[in-house]
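Participant: Have a look; sequence and predicted model below, questions after that.
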Amino acid sequence: MGDVIAIGPGKVALLEAIRDQGSISAAARSINMSYRRAWVLLQEVNGAMRRPAVLSEHGGESRGGSTLTPEGEAVIRLYRAMEAQAQAACSGEIAALLKLLV
């Protein structure tokens, strides 16, 4: 994987938007991201996983769409749980840091 960060806040936000919107393009629009950037991030996530986080259907009468796999749902759930635990564990430091900001 080299310098690629497999999972981070932007990628999790994209997965959540795909779950909510049902397509990569609608998800990208909803979080003010270009389709190209969303596609690249999604390729990085799927490429880093044993099983893909998102499955996409292309075109046709139903116009395709994208859905999260159980693994994609697990990524969101686990990332958000870790984020909450980290925030709770560091609440004092976060408060002190915020006092230093304008």
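Facilitator: Received, thanks.
Participant: Going by C-alpha atoms from here, please, whenever you check contacts or count neighbours.
Facilitator: OK.
Participant: Centre of the chain to the helix or strand hosting residue 99, how far?
Facilitator: Element membership for residue 99, per DSSP states H and E: helix 91-100. Distance of helix 91-100 from the chain centroid (CA atoms, centre = their mean, to the nearest Å) equals 26 Å.
Participant: and it, average pLDDT?
Facilitator: The average pLDDT within helix 91-100 is 96.
Participant: ok, residues contacting that helix?
Facilitator: Applying CA atoms under 8 Å, 6 or more residues apart in numbering, the external contacts of helix 91-100 come out as residue 87.
Participant: Only alpha carbons, please: show that helix as PDB.
Facilitator: What follows is helix 91-100, C-alpha atoms only, in PDB (Å, rounded to 0.1, in the frame of the first residue of the first chain):
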ATOM      1  CA  SER A  91     -11.200  15.300  26.200                       C
ATOM      2  CA  GLY A  92      -8.900  17.200  28.500                       C
ATOM      3  CA  GLU A  93      -6.200  17.700  25.900                       C
ATOM      4  CA  ILE A  94      -8.800  18.700  23.300                       C
ATOM      5  CA  ALA A  95     -10.200  21.300  25.600                       C
ATOM      6  CA  ALA A  96      -6.700  22.700  26.400                       C
ATOM      7  CA  LEU A  97      -5.900  22.800  22.700                       C
ATOM      8  CA  LEU A  98      -9.100  24.600  21.800                       C
ATOM      9  CA  LYS A  99      -8.200  27.300  24.400                       C
ATOM     10  CA  LEU A 100      -5.100  28.000  22.400                       C
END
